[in-house]
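Trainee: here are the coordinates; sequence isn't available:
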């Protein structure tokens, strides 16, 4: 009996098992960190699934439609409304990309990005949210099929939503300074607003200034900031596929160099390389908004590792035969 062959096969099984465990742990951990986003706009707490931008899409074509549901909770002591405005450049699709708001299944308004920016005082979504209550709001981003192919492949990565309550709301006794925080540990804009004496202030969440008349803000009517199709500071993450290509190349080179050679714990280094790639991908989400496939990055790594170990084991067994 060749104990060397048996030992080698056992180590291959251990390597595959560890790869599977690390991949699943990484996937679960990544899913947990990107599970939800929480924003604070004055006394309104904004929550939605995922991380980074509320809408993140590139190279969209006519017929595109995406729905996102957010929860708006009034943490104050007085009733407050909920509105949105826009901030920053509006992008190439501003005149045709539409945003529809719905509450309890009924459409409140349906406007283009340009119309939202032009009439910042008419974008109220919820008239009144009682203290301690939560309102569920749907936003539907859509590019009508009839706009023509001239708009295909263009993006609106330069505008942001601004969310908060109307300046006509009764001021909270403790003031209504706006702030923005991003949850989930990845992505997001990471911007913090300034403070204001009451809810009649400007859009402090955007400028970080202390507004009294609203001149420092976009519209002077809403507070805090919620990223739109993409946040101003980040772009959609493309590193998930680039890092996978790099990992595949490294595994191919490592397998070629170590083939038929005795290296102690040779199965450790491919796994170590995959862990490094995962950490790099995770860190890059401080600068890029995660896309849907980013959540599956650990599983893609796992697939590459399993293919690598299976192929190396197959080649060695074929040589021995």
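Mentor: Happy to help now that I have it. If you're wondering where the values come from, they're calculated on a predicted model, not measured in any experiment.

Trainee: rest of the way, CA atoms for contacts and neighbours
Mentor: Will do.

Trainee: now the strands for the protein?
Mentor: With DSSP state E as the criterion, the chain has strands at 36-41, 44-49, 65-74, 80-87, 98-103, 106-112, 124-129, 134-142, 160-164, 226-227, 235-236, 288-289.

Trainee: which one of those strands lies nearest to residue 260?
Mentor: Distance to residue 260, taken as CA to CA, is lowest for strand 288-289 among these, at 41.2 Å.

Trainee: need the winner for burial among the strands of the chain.
Mentor: Among the strands of the chain, strand 226-227 has the highest mean neighbour count (mean count of other CA atoms under 10 Å), at a mean of 28.

Trainee: report pLDDT for residue 245.
Mentor: We have a pLDDT of 91 for residue 245.

Trainee: state the distance from it to residue 128.
Mentor: 51 Å (CA to CA, to the nearest Å).

Trainee: what of residue 66?
Mentor: Taken as CA to CA, the span from residue 66 to residue 128 is 26 Å.

Trainee: how is this structure divided into domains?
Mentor: Annotated domains of the chain cover 3-33+237-320, 36-234 [automatic domain parsing].

Trainee: which of the ones you listed has the lowest mean pLDDT?
Mentor: domain 36-234 (a mean of 64).

Trainee: that older thread, which one of the strands of the chain lies nearest to residue 263?
Mentor: strand 288-289 (38.1 Å).

Trainee: quick check, residue 74 in contact with residue 126.
Mentor: No: assessed by CA atoms under 8 Å, residue 74 is found out of contact with residue 126, at 11.5 Å.

Trainee: enumerate the positions of stretch 109-123 that are buried.
Mentor: Within stretch 109-123, the residues scored as buried using 16 or more other CA atoms under 10 Å are 110-117, 120-121, 123.

Trainee: among those, which are located in helices?
Mentor: 113-117 (DSSP state H).

Trainee: which of those sits closest to residue 283?
Mentor: residue 113 (31.9 Å).

Trainee: contact partners for that closest one?
Mentor: Counting by CA atoms under 8 Å, 6 or more residues apart in numbering, residue 113 touches 86, 90, 93-99.

Trainee: repeat for residue 109
Mentor: 100-102, 123, 125.

Trainee: from those, which is closest to residue 319?
Mentor: Of those, the one sitting nearest to residue 319 (CA to CA) turns out to be residue 100, at 63.6 Å.

Trainee: I'd guessed the closest one sits against residue 110; true?
Mentor: Yes: between residue 100 and residue 110 there is a contact under CA under 8 Å: 4.2 Å.

Trainee: circling back to that earlier point, and the strands of the chain as CSV, adding distance to residue 261?
Mentor: Below are the strands of the chain laid out as CSV (distance: least, CA to CA, whole Å):
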stretch, distance to residue 261
strand 36-41, 47
strand 44-49, 49
strand 65-74, 53
strand 80-87, 60
strand 98-103, 61
strand 106-112, 64
strand 124-129, 67
strand 134-142, 56
strand 160-164, 56
strand 226-227, 53
strand 235-236, 42
strand 288-289, 41
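
Trainee: of all those, which one is nearest residue 258?
Mentor: Once the strands of the chain are compared by CA to CA, strand 288-289 is nearest, at 35.6 Å.

Trainee: which one of the strands of the chain lies nearest to residue 274?
Mentor: Checked against CA to CA, the stretch from the strands of the chain lying closest is strand 288-289, at 20.2 Å.

Trainee: just to revisit the earlier point, would you check which pair of the contacts of residue 113 lies furthest apart?
Mentor: Pairwise distances among the contacts of residue 113 were taken by CA to CA; the largest, 15.3 Å, belongs to 86 and 96.
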